[in-house]
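J.: have a look; sequence and predicted model below, questions after that.
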Amino acid sequence: MLEGRPLIMNLIASRITTHPLLPRLPEIGRVFQRDELTPEALADIAPHVDVLVGASNLKVPKAELDLYPNLRIVADFGVGYDGFDVEEIARRNLLCAHTPDVLSEDVADLAVGLMLSITRRLPQADAFVRAGRWPKENFPLGRRIARRRIGVAGLGRIGRVVAQRAEAFRMEVGYTSQHPKDVPWRRFEDVKSLAAWADVLVVVIPATPETHHLINAEVLDALGPEGYLVNIARGALVDTAALIRALEEKRIAGAALDVFEHEPEVEAEFRKLENVVLAPHIGSATVETRCAMADLVCENIRLGLAGKPLLTPVPGTRRA
Ligand code: 8YV
């Protein structure tokens, strides 16, 4: 705390002008942009920082936490917290909030959009018309999704919404989850058997050391040459080299990806392939949802600073 106002260190780059959180933070405290500070300025300010703001695509490792000896709250602008050292945050008894639920519908919508984009070849259809090819050529046939099988790998908050949307498309739903759920859909023991059953495999599993490269060559081969992969979770869940090989060798029909192992860098091979649809991690990227996420981040920070229970603490960390 400096001059009576809480001090907020923001790790989200200020160049991201579309970010609705950035103008909101000064309502709560004095904000410093981590990426704009010189090492000397950082050293001066760091001991006074109360709140650290990050996002799911940023890293908050122990070394970052070490900089702020008086830190009280870590706020994540996102539902996923795989970049945050949650164990260390809990060990230090810090408050830690994230933004579940408010983004589930948008992320699920993107899964459906990607599924339709890859099966009906929407990006190629758009390019075909723009290039003036329609009067002279036939556009190749796509594949239907109605009455086909969707495998939701990870029936959590977002996975459930994906499954509900798929039902409206009259798809048959299968899923994996750590524990059986009270849902009318078929549960599979593991992702390989789900992939073998499904026509479209949608990955909605949190990234942890245990789920690293869960979607490997074996799972892709189980999905098979008629099967499509949709990843809206994290790039690290998929063995990228194995996926590129499977796509190049047409051992799966296609992949639609919103997330990448080394994002924002995307492997050059993906850009050359016809049987992929690529998006720049836009699952939650609508005005409405990003504003709801910003509201939730601000509310959690306010509550935490006031010593009141957080609305959405990260599991494994304290609520108040
Ligand atoms: C965001 C996300 O892209 O919530 C998550 O886990 O990956 C996304 O909602 C990200 O947090 C925004 O920077």
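T.: Yes, it's here.
J.: how many neighbouring residues does the residue of the stretch 201-320 of the chain found nearest the ligand have?
T.: The minimum distance from the stretch 201-320 of the chain to the ligand, using C-beta to the nearest ligand atom, falls at residue 284 (3.4 Å). In this view, the C-beta of every residue, glycine as well, is placed from N, C-alpha and C. Residue 284 sits with 24 neighbouring residues when counted by other C-beta atoms under 10 Å.
J.: how much space between it and residue 35?
T.: Distance, residue 284 to residue 35, by C-beta to C-beta, to the nearest Å: 22 Å.
J.: same thing with residue 249?
T.: 41 Å.
J.: residues of the protein that sit close to the ligand?
T.: Residues of the chain lying close to the ligand by C-beta under 6 Å from any ligand atom are 55, 56, 57, 77, 78, 79, 80, 103, 281, 283, 284.
J.: ok, the third one - contacts?
T.: The one in question is residue 57. Counting by C-beta atoms under 8 Å, 6 or more residues apart in numbering, residue 57 touches 78, 83, 263, 281.
J.: if we use 10 Å, what do you get?
T.: 12, 77, 78, 80, 82, 83, 234, 259, 263, 264, 281 (C-beta atoms under 10 Å, 6 or more residues apart in numbering).
J.: just the buried residues of these.
T.: Using 16 or more other C-beta atoms under 10 Å as the burial test, the contacts of residue 57 include 12, 77, 78, 80, 82, 83, 234, 259, 281 as buried.
J.: which phi and psi does the third one have?
T.: Summarising the backbone geometry of residue 78 under the convention degrees, to the nearest 10, its torsions are phi 160, psi 170.
J.: tell me which residues in whatever helix or strand residue 295 lives in are buried?
T.: Using DSSP states H and E, residue 295 sits within helix 287-305. By neighbour count on 16+ other C-beta under 10 Å, the buried set for helix 287-305 is 289-290, 292-294, 296-298, 300-305.
J.: what is it packed up against?
T.: Contacts defined by 3 or more C-beta pairs under 10 Å, 6 or more residues apart in numbering; DSSP states H and E place helix 287-305 against strand 51-55, strand 73-77, strand 95-97, helix 104-119.
J.: so what pLDDT did the residue of the stretch 101-250 of the chain found nearest the ligand get?
T.: In the stretch 101-250 of the chain, the residue that lies nearest the ligand is residue 103 (5.3 Å; C-beta to the nearest ligand atom). Residue 103 carries a pLDDT value of 98.
J.: swap in residue 49?
T.: 98.
J.: specify the angle between the helix holding residue 295 and helix 104-119 in degrees.
T.: Angle, helix 287-305 to helix 104-119, by axes from the mean of the first three to the mean of the last three C-alpha atoms, to 10 degrees: 140 degrees.
J.: begin at 319 from now on, thanks
T.: Got it, the first residue is 319 from now on, which makes the last one we talked about helix 605-623.
J.: pull helix 605-623 out as PDB, backbone CA atoms only.
T.: Provided in PDB are the C-alpha atoms of helix 605-623 (Å, rounded to 0.1, in the frame of the first residue of the first chain):
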ATOM      1  CA  VAL A 605     -17.200  -7.800 -25.600                       C
ATOM      2  CA  GLU A 606     -19.900  -9.200 -23.300                       C
ATOM      3  CA  THR A 607     -17.800 -12.000 -21.800                       C
ATOM      4  CA  ARG A 608     -14.600 -10.100 -21.500                       C
ATOM      5  CA  CYS A 609     -16.500  -7.300 -19.600                       C
ATOM      6  CA  ALA A 610     -18.100  -9.900 -17.300                       C
ATOM      7  CA  MET A 611     -14.600 -11.300 -16.700                       C
ATOM      8  CA  ALA A 612     -13.300  -7.800 -15.900                       C
ATOM      9  CA  ASP A 613     -16.300  -7.200 -13.500                       C
ATOM     10  CA  LEU A 614     -15.500 -10.500 -11.700                       C
ATOM     11  CA  VAL A 615     -11.800  -9.700 -11.400                       C
ATOM     12  CA  CYS A 616     -12.500  -6.300 -10.000                       C
ATOM     13  CA  GLU A 617     -15.200  -7.600  -7.600                       C
ATOM     14  CA  ASN A 618     -12.900 -10.300  -6.300                       C
ATOM     15  CA  ILE A 619     -10.100  -7.800  -5.700                       C
ATOM     16  CA  ARG A 620     -12.400  -5.400  -3.900                       C
ATOM     17  CA  LEU A 621     -13.700  -8.200  -1.700                       C
ATOM     18  CA  GLY A 622     -10.200  -9.500  -1.000                       C
ATOM     19  CA  LEU A 623      -8.900  -6.100   0.000                       C
END
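J.: in the stretch 319-468 of the chain, what residue lies closest to the ligand?
T.: residue 396 (2.5 Å).
J.: nearest residue to the middle of the protein?
T.: Centroid-nearest residue in the chain, with C-alpha atoms, centre = their mean: residue 551, separated by 4.4 Å.
J.: tally of neighbours for the spatially closest residue to residue 541 that is not a sequence neighbour?
T.: Nearest residue to residue 541 in three dimensions, chain neighbours excluded: residue 513, at 4.3 Å (C-beta to C-beta, 6 or more residues apart in numbering). Burial of residue 513 is recorded as 25 neighbouring residues (other C-beta under 10 Å).
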